[in-house]
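[1] how does the following fold in three dimensions:
(one chain, ligands or ions: 1)
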Amino acid sequence: MASYPAGPADLQDGQLRVVDTPYEQLVLCRVEGRYYAVENRCSHDDGPLSGGSLEGCEIECPRHGARFDVRTGKPLCMPAVVGISTYEVEEVQGQLVVEVD
Ligand code: FES
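    Residues are numbered from 1 along each chain as shown. Next up, the predicted model:
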């Protein structure tokens, strides 16, 4: 497990931010004041989720409309049937940190 900086804790609910780590690119999300991070890759056809939208806890892939729960990574509708990876996010003195395996 390693920690990587993810920028200031200044997102609003429904906003996304791309975070690069040495392992993979993540999408940081804020839902009801809490931060979540998921891989920036749709399990349907590898589309980047960062170009999609976040409504509540659901991120929608801009390519074919698959949705995932950013809290769990579970797919919520077709065409995705496989989940995406999720990562822990911590806030430390106003800065966000993601924990990546
Ligand atoms: S690549 Fe995301 S729904 Fe197809």
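[2] buried residues, whichever strand or helix holds Glu88. List them.
    Applying DSSP states H and E as the criterion places Glu88 in strand 86-92. Buried residues in strand 86-92, counted by 16 or more other C-beta atoms under 10 Å: 86-87, 89. For every residue, glycine as well, the C-beta is placed using N, CA and C.
[3] just stretch 70-80 next, same as before
    By 16+ other C-beta under 10 Å, the buried positions in stretch 70-80 come out as 70, 73, 75, 80.
[4] could you dump the residues you listed to a markdown table with distance to Ser53 and pLDDT?
    Output for these, formatted as a markdown table (distance: C-beta to C-beta, whole Å; pLDDT from 0 to 100):
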| residue | distance to Ser53 | pLDDT |
| --- | --- | --- |
| Val70 | 12 | 98 |
| Gly73 | 17 | 98 |
| Pro75 | 16 | 98 |
| Ala80 | 15 | 98 |
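[5] so which of those belong to strands?
    With strands taken from DSSP state E, there is no overlap with the buried residues of stretch 70-80.
[6] show me what from this structure comes close to the ligand.
    Within the chain, the positions near the ligand by C-beta under 6 Å from any ligand atom are 42, 44-45, 47, 61, 63-66, 79-80.
[7] now do the contacts for the most centrally placed residue in the chain.
    The residue lying closest to the centre of the chain (C-alpha atoms, centre = their mean) is Val38, at 3.1 Å. Residues counted as contacts of Val38 (C-beta atoms under 8 Å, 6 or more residues apart in numbering) are 26-27, 29, 49, 59, 68, 70, 73, 84-87.
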